Every structure is written in C-alpha cells, then in structure tokens.
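Participant: any chance you could fold what I've pasted below:
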Amino acid sequence: MARVYNFSAGPSMLPESVLKKAQSELLEYGSSGQSVMEMSHRSSVYDAIIRDVESSLRRVLAIPENYKVGFFQGGASTQFAMVPLNLMTTGKADYIVTGNFSKKAAEEAAKFGEARIVASSKDRNFTYIPDVKAIDYSKDASYLHICENNTIFGTRYAELPQVEGVPLVADMSSCILSRPTDVSKYGLLYFGVQKNVAPAGMAVAVVREDLLGRAAESVPTMLNYKTIIDADSMYNTPPCWCIYMMGLVLHYIEDEVGGLAQMEKRNNEKAALLYDYLDSQEFFTNPVEKKYRSVMNVTFTSPSPELDKKFCAQAEQAGLVNLKGHRLVGGMRASIYNAMPRAGVEKLVEFMREFERENG
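Facilitator: Got it, this is the predicted structure:
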C-alpha cells in the first residue's frame with residue numbers, strides 16, 4: 001500500500017516510525033500479554049508508561065520544575081472554559097483575537113466574566129498579528145490569552161506579548177513541539193494533541209504551580225486543573241492510548257530528530273520550500289503578511305474558486321490529500337506539521353508548478 005502525503009490540519013500525519021512501533025506493540029505491550037488499549041490504567045505497567053511520557057515531555061520542552069503537567073480529555077475546546085474557570089480571579093481577562101479559535105476562546109470566557117478583546121486582526125481577515133507592544137492591556141486582567149499559531153488563516157506570533165503581573169495563556173495546539181519553547185514566558189500553555197503530538201482525543205496543559213488552586217468551589221470537579229494534576233492525571237481513567245502514542249512521538253523527537261532545535265530547522269526548511277515558490281510566481285497567492293506567516297499551516301489560492309476545486313481534486317489523485325482550505329478562507333491549505341517529510345513538500349511544489357503551467 002502506498003501512503004499518501006496528508007496535508008490535513010488535524011488529525012494529521014504521524015511519523016511512520018511511530019506508527020510502525022505502535023503496530024508492533026498493538027497486540028502486546030512488552031511482556032504484559034495485552035494491548036495498551038486493554039490494560040488497566042491503575043496497573044504498574046501503565047503507571048510506568050504515563051510517568052515516562054510526562055518526564056519525556058518535561059525533557060523535550062525543558063519545562064521548569066515549578067510547572068505542572070496534566071493530561072485532559074475534551075481537547076483544546078474544553079480548555080477554552082477551563083482557563084477562565086480556573087484563572088479568572090478578578091472577573092476579567094484580556095484576549096487577542098487572531099483567528100477562529102481565539103475568537104471561540106474569548107466567547108467561551110465571556111460566559112464566566114469579562115473577556116476583553118484588546119486587539120484583533122479581523123479587519124484584514126486575520127492575515128496578520130497585531131503589534132503586541134502597541135496594545136492597551138488591562139491592568140486588572142487575570143490573564144492574557146492568545147492562540148499562538150492560527151491553523152485556519154496561516155499566521156503565527158513573531159513576538160510574544162509580555163505584560164508585567166499578568167500571566168500569558170497560550171493555545172499552542174498547532175505549533176507545540178515544532179520548535180524550542182521558553183515555557184517560563186507563559187503562565188499556562190495548552191494544546192490539543194491531534195496535530196503534532198498524537199491521535200485526536202486529548203489536550204495537555206502545562207501550568208505554573210502558583211496559578212493552581214484558584215478555582216471557585218462551584219467549578220465542576222473535572223474542570224478544575226488541580227483535580228487532575230494533583231492526581232497525576234489519574235483522577236479518572238485517562239485517555240490511555242493517546243498518552244502512550246504521545247510517548248512514542250516524544251521519543252521520536254529525541255532519538256530520531258535530535259530535539260526541538262533540529263525539529264525547528266527541519267520545519268523552517270520545509271516552509272521555505274513552499275513560501276519561496278509562492279513568492280516566485282503570480283498564479284498562486286498567499287495573503288499573509290510575511291512577518292507573520294505560519295511555518296505549520298500555509299494558505300494559498302489560485303485565480304478562481306473553480307481552479308481551486310480542480311487543484312484539490314487533481315492533487316488528491318496525485319497522492320496529495322486534504323489540501324482544501326477551511327470554509328472561512330477558501331482556496332487551499334497545506335499543513336506541514338512535524339511528521340510531514342520534506343519529500344511531501346517537494347512533491348507538492350512540483351505539482352503546483354505543473355498545475356500552474358497547465359492552467360496559467
């Protein structure tokens with residue numbers, strides 16, 4: 001069977017070596033006589049798995065000792081509610097809206113207090129990131145929330161906002177583990193795992209420990225960060241298979257890639273291949289300001305919606321799948337996460353050149 005190059009924004013490609021490792025252990029993990037999907041999460045075997053995953057994440061991300069890690073069901077969308085439920089102690093928080101998910105996060109937070117939108121790039125259809133140094137932040141905000149990489153619109157922050165006394169909270173679902181991260185710049189970072197980390201079904205939160213224990217008594221038990229983190233993510237049955245797969249990906253990053261600095265180098269090279277081609281011709285257009293171009297999600301359009309549709313259909317026949325852009329943007333979107341090999345981007349650029357020759 002020939003595997004396609006999957007440019008989906010998520011669930012996305014996983015490294016082939018990770019899939020093969022999971023396949024080899026599917027029926028029996030180690031000498032346990034059972035699959036990870038079957039074993040008790042209270043067993044000593046699984047306890048070793050989840051402990052190794054957390055220690056691997058701490059190592060790969062260089063997480064400081066005063067930060068706690070939690071594995072959560074519900075994906076990043078549940079985090080939109082958990083953040084204000086746990087951190088909005090002043091009844092107010094600042095949000096920078098740079099796309100669909102940061103907008104949804106702000107709307108969710110507004111159910112629990114005042115979610116002040118201090119800046120937005122909606123005026124130019126989210127094709128840039130507002131200047132973080134020119135924003136009038138709230139002095140009494142409990143936290144400042146951003147979505148660091150915008151999957152739908154193909155933008156990313158070139159610089160992180162830092163407000164004295166106000167913790168930065170970041171949704172890093174589509175950029176986590178793509179480059180080194182200074183965790184100390186955040187009060188809390190969270191991410192859904194289905195783009196760069198594992199199969200869909202889980203979110204991970206990394207929380208500075210002084211921010212824990214602030215939730216009101218009325219906050220549901222399962223929506224309190226402290227509940228899960230104090231129980232080492234074992235308060236209830238965790239998403240066992242996702243955690244196991246995350247461990248395989250983390251070992252892949254360490255052992256095969258050589259860490260996040262090398263991963264960043266790979267990702268920058270892949271993105272440069274695609275952006276350099278886009279900048280060299282006039283048939284396809286990328287609308288994002290160059291300074292804010294995402295390395296993970298590259299959006300582009302052809303001269304017409306009809307040609308966009310034709311492009312996606314012919315690309316799929318050529319083994320380049322899930323290139324259709326989000327309905328809010330149209331056109332095409334190539335998500336080139338960690339597991340997308342350079343060869344996949346090279347084949348895409350080759351296909352784009354040929355399509356341009358035939359339809360230009």
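Participant: and the average pLDDT for the longest helix belonging to the chain is what?
Facilitator: Counting by DSSP state H, the longest helix found in the chain is helix 260-279. For helix 260-279, mean pLDDT is 98.
Participant: other residues contacting it?
Facilitator: Applying C-beta atoms under 8 Å, 6 or more residues apart in numbering, the contact partners of helix 260-279 are 60-61, 177-181, 253, 257, 284-286, 293-296, 298, 300, 334, 336, 338, 340, 342, 345-346, 348-349, 352-353. Heads up, the C-betas are built off the backbone N, CA and C, glycines and all.
Participant: low-confidence regions, this structure specifically.
Facilitator: Applying pLDDT under 70 to the chain flags the ranges 1.
Participant: give me the domain ranges for it.
Facilitator: Listed by automatic domain parsing, the domain ranges of the chain are 27-256, 259-359.
Participant: closest one to residue 16 among those?
Facilitator: Shortest distance between residue 16 and the domains of the chain, using C-beta to C-beta, is found for domain 259-359: 7.9 Å.
Participant: may I have the strands that pair with the helix or strand following the longest helix of the chain, each with its orientation?
Facilitator: Per DSSP states H and E, the first helix or strand lying C-terminal to helix 260-279 is strand 297-300. Here strand 297-300 is paired, per DSSP bridges, with strand 332-335 (antiparallel).
Participant: in the strand it pairs with, what's buried?
Facilitator: Applying a neighbour-count criterion of 16 or more other C-beta atoms under 10 Å, one finds 332, 333, 334, 335 buried in strand 332-335.
Participant: ok, now which ones touch the first one?
Facilitator: Looking back up the chat, that one is residue 332. So residue 332 contacts 299, 300, 301, 302, 308, 311, 312, 323, 324, 325 (C-beta under 8 Å, 6+ apart).
Participant: from the residues you listed, which single one is nearest residue 22?
Facilitator: Among the contacts of residue 332, residue 323 lies closest to residue 22 (C-beta to C-beta), at 26.3 Å.
Participant: any idea how far residue 79 is from residue 290?
Facilitator: Going from residue 290 to residue 79 by C-beta to C-beta, to the nearest Å gives 30 Å.
Participant: and residue 79, how many neighbours?
Facilitator: For residue 79, the count of nearby residues is 25 (other C-beta atoms under 10 Å).
Participant: what ranges do the strands span in the chain?
Facilitator: For the chain, applying DSSP state E gives strands covering 5-6, 67-72, 92-97, 114-120, 144-147, 149-150, 155-156, 168-171, 188-192, 203-208, 297-300, 320-321, 332-335.
Participant: related to what we said a few turns ago, which of the contacts of helix 260-279 are buried? Put it as a ChimeraX command.
Facilitator: Selection of the buried residues among the contacts of helix 260-279 in ChimeraX, burial being defined by 16+ other C-beta under 10 Å:
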select :60,61,177,178,179,181,253,257,284,286,293,294,295,296,298,300,334,336,338,340,345,348,349,352
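Participant: what sits closest to residue 6 if chain neighbours are left out?
Facilitator: In space, and not counting its chain neighbours, residue 6 is closest to residue 13: 4.8 Å by C-beta to C-beta, 6 or more residues apart in numbering.
Participant: the one you found contacts residue 345, doesn't it?
Facilitator: No. If you go by C-beta atoms under 8 Å, residue 13 and residue 345 don't touch, sitting 12.0 Å apart.
Participant: how many neighbours does the nearest residue to residue 285 once chain neighbours are set aside have?
Facilitator: Closest residue to residue 285 apart from its sequence neighbours, by C-beta to C-beta, 6+ apart: residue 301 at 5.3 Å. Counted with other C-beta under 10 Å, the neighbours of residue 301 add up to 19.
Participant: then residue 197?
Facilitator: The number of residues packed near residue 197 is 25, by other C-beta under 10 Å.
Participant: contacts only, for it.
Facilitator: Applying C-beta under 8 Å, 6+ apart to residue 197 gives the contacts 176, 177, 191, 204, 246, 249.
Participant: how many neighbouring residues does the fifth one have?
Facilitator: With neighbours defined by other C-beta under 10 Å, the count for residue 246 comes to 25.
Participant: which other residues reach stretch 77-93?
Facilitator: The contact list for stretch 77-93 (C-beta under 8 Å, 6+ apart) reads 72, 104-105, 108-109, 111-116, 138, 140-145, 167, 169, 171, 187-188, 190, 192, 203, 205, 211-212, 214-216, 219, 223-226.
Participant: and the residues you listed, which are buried?
Facilitator: Taking 16+ other C-beta under 10 Å as the criterion, what is buried in these is 72, 104-105, 108-109, 112-116, 138, 141-145, 167, 169, 171, 187-188, 190, 192, 203, 205, 211-212, 214-215, 219, 223-226.
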